[in-house]
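1. Could you work out the structure for the sequence below:
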Amino acid sequence: MKKAILLACMVAANAAFADDDDLGMAGLLSGSNKVDLPEVILSVGEPLADAPWKLKSGKYYEVEITADGSGEIGLAGNDFFRAIWVDEVVIEGLEIRPYALHSIEFDDAGTMEIGFVAIKPGRYELRIPGSTGESQRIEIVIE
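-> Model (predicted):
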């Protein structure tokens, strides 16, 4: 009887989390759940994004961030980084699986890729530290 109740609970829980998308065995990390965001180019005085990012909680996203070497430049967004689960940061083929991020910085030209799952709905931003211009930030909405 206990096994039947446990099985019924597991089936009910699975149905409750079922979505129109079949995520497969990897769940949130499966390929069908991945969305590539537009590349972010870090260049002194240039805008960071053409449009705000509209993300969906539970979706897996990847973004490439490239610095052109025009200056030491970074991105800060503590609230945003606390609203996501960072799967990995890839720099020159090296995969880093951090517990969390606070900010990133490029001293020279280069590219990094960040893979993450959006978790906490809200409004956030990534901003070049010390900047005040609206074009020096990326507005992010997690729904």
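2. ok, which stretches of this protein are strands?
-> For the chain, the strands defined by DSSP state E occupy 34-36, 40-42, 53-55, 60-67, 73-76, 84-91, 94-96, 103-106, 110-118, 122-127, 137-142.
3. Now tabulate those strands in TSV and tack on mean pLDDT.
-> As requested, the strands of the chain are exported to TSV (pLDDT from 0 to 100):
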stretch	mean pLDDT
strand 34-36	94
strand 40-42	96
strand 53-55	98
strand 60-67	97
strand 73-76	95
strand 84-91	96
strand 94-96	96
strand 103-106	95
strand 110-118	97
strand 122-127	97
strand 137-142	97
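4. Run through who's touching stretch 124-143.
-> Stretch 124-143 is contacted by residues 40, 42, 46-49, 52-57, 73-77, 79-80, 83-84, 103, 118-123 when judged by Cβ atoms under 8 Å, 6 or more residues apart in numbering. Just so you know, the C-beta spots here come from the backbone N, C-alpha and C atoms, and that holds for glycine as well.
5. List the beta-bridge partners for the spatially most central residue of the chain.
-> By Cα atoms, centre = their mean, the chain has its centre lying nearest to Phe116, at 3.7 Å. Counting by DSSP bridges, Phe116 forms beta bridges with Tyr61, Val86.
6. wait, what's in contact with it?
-> Shown in contact with Phe116 (Cβ under 8 Å, 6+ apart): Tyr60, Tyr61, Glu62, Ile84, Trp85, Val86, Asp87.
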